[in-house]
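Engineer: What follows is a predicted protein model with its sequence.
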Amino acid sequence: MTRNETEINLFRAIEVFMAVAEMRHVTAAAHALGITQSAASQHLKNLESAFGVTLVDRSHRPLGLTHAGEAMQRHGYRILNEIEDLKSDLRHLKAATLPVLRVGLLASIATTLTPGLFDFVEHDLRVPELILSAGLASDHQSALTARKIDIAVTSELFVMSDDYDTYPVMEEPFFLVLPEGYDGPEDDIHAISKRLSLVRFGALTPVGRRTDQHLQRCRLNLPRAIEADRSSMVVAGVVTGKCFAILTPSLLIDGVAEGMPLRIVPLPFSGFKRGVQVVSRKEDLGDIPARLAHQCADILRTHFEHRFPDIADQITYFTGANPNH
């Protein structure tokens, strides 16, 4: 047996072992992999011989793993994932064009961005298929790391920044959002909080944590009525006429587009901002992330100038092509 054949069989043996370890039954694992029970047993024996250990405790039903088997299982996940990553990278290199682009979007601006991104990816990037997913900013890093998405349009700053390229899209201030029919003072947060309760994002969301931290810095302890993890739910709380919120234009765009009656005014205390950026795995997609960031900025600028004419000039847009690390 040549060295290459041994290595190929070793990978197959690990695949068989991982299936057996998950199902705890050789016959079931063989059926799932489309091989015979005897072939699966032979792969297990070859793997044990290659490392000189016993991986499976065959004296129990269902099968158990030895300590060596548990170690092999831990490493097996990583080995097989690396192989899948390699296959994916090579498919990208082999393809004349990128076959599919998977983009994770902030839920609050997903509806606003989708039509423009679809046209951009189809006509400018010439990518045949676009897969979009909406979620919280806190989901994006794990999705990128697991290669479930290729690009994130997010507000979260990633911890492992050296592994990613980050292209800023815009920076936006937070505003005070009041019910349209509110007739009390707008320049005194304590007076407002005596008449209305704060509807806010939950503390587990990035925007909720940022808002809480800023309120703490300002020594503000405001009464709260509702917590939610989607901007549409927060805005709906304001529409009841019983609550106020602290939100940015990107968190308000869907509610304003749906005609929800709101009043948007400056914060009556020290202000703060958040950024929106495009993030991709480092040097993974050439100039696509930079071009997509530019497109997102253009789309959002157009929508914000239409929906928020009185405050649109307070939003800063970035159209440069160089990433920030």
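Structural biologist: Sure, I can see it.
Engineer: who's in contact with the helix or strand hosting residue 194?
Structural biologist: Element membership for residue 194, per DSSP states H and E: helix 189-195. Contacts with helix 189-195, where a contact means C-beta atoms under 8 Å, 6 or more residues apart in numbering, come from 176, 178, 182, 184-186, 220, 222-223, 244, 267-269. For the C-beta atoms, the positions are set from N, CA and C on the backbone; glycine is no exception.
Engineer: buried sites along the lowest-mean-pLDDT helix or strand in the chain?
Structural biologist: Ranked by mean pLDDT, DSSP states H and E, the weakest helix or strand in the chain is helix 3-23, scoring a mean of 77. Buried residues in helix 3-23, counted by 16 or more other C-beta atoms under 10 Å: 9-10, 12-21, 23.
Engineer: and that helix, how far from the chain's centre?
Structural biologist: What separates the centre of helix 3-23 from the centre of its chain is 32 Å, taken as C-alpha atoms, centre = their mean, to the nearest Å.
Engineer: now stretch 145-154
Structural biologist: On the basis of C-alpha atoms, centre = their mean, stretch 145-154 sits 6 Å off its chain's mean C-alpha point.
Engineer: Pull out the CA atoms of it and give them to me as PDB.
Structural biologist: Output in PDB follows, covering the C-alpha atoms of stretch 145-154 (Å, rounded to 0.1, in the frame of the first residue of the first chain):
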ATOM      1  CA  THR A 145     -16.100  31.300  12.100                       C
ATOM      2  CA  ALA A 146     -18.200  28.200  11.300                       C
ATOM      3  CA  ARG A 147     -18.400  29.300   7.600                       C
ATOM      4  CA  LYS A 148     -22.100  29.400   7.700                       C
ATOM      5  CA  ILE A 149     -21.900  32.900   6.100                       C
ATOM      6  CA  ASP A 150     -19.200  34.600   4.000                       C
ATOM      7  CA  ILE A 151     -19.900  38.200   5.000                       C
ATOM      8  CA  ALA A 152     -21.700  39.900   7.900                       C
ATOM      9  CA  VAL A 153     -23.300  43.400   7.800                       C
ATOM     10  CA  THR A 154     -23.200  43.900  11.600                       C
END
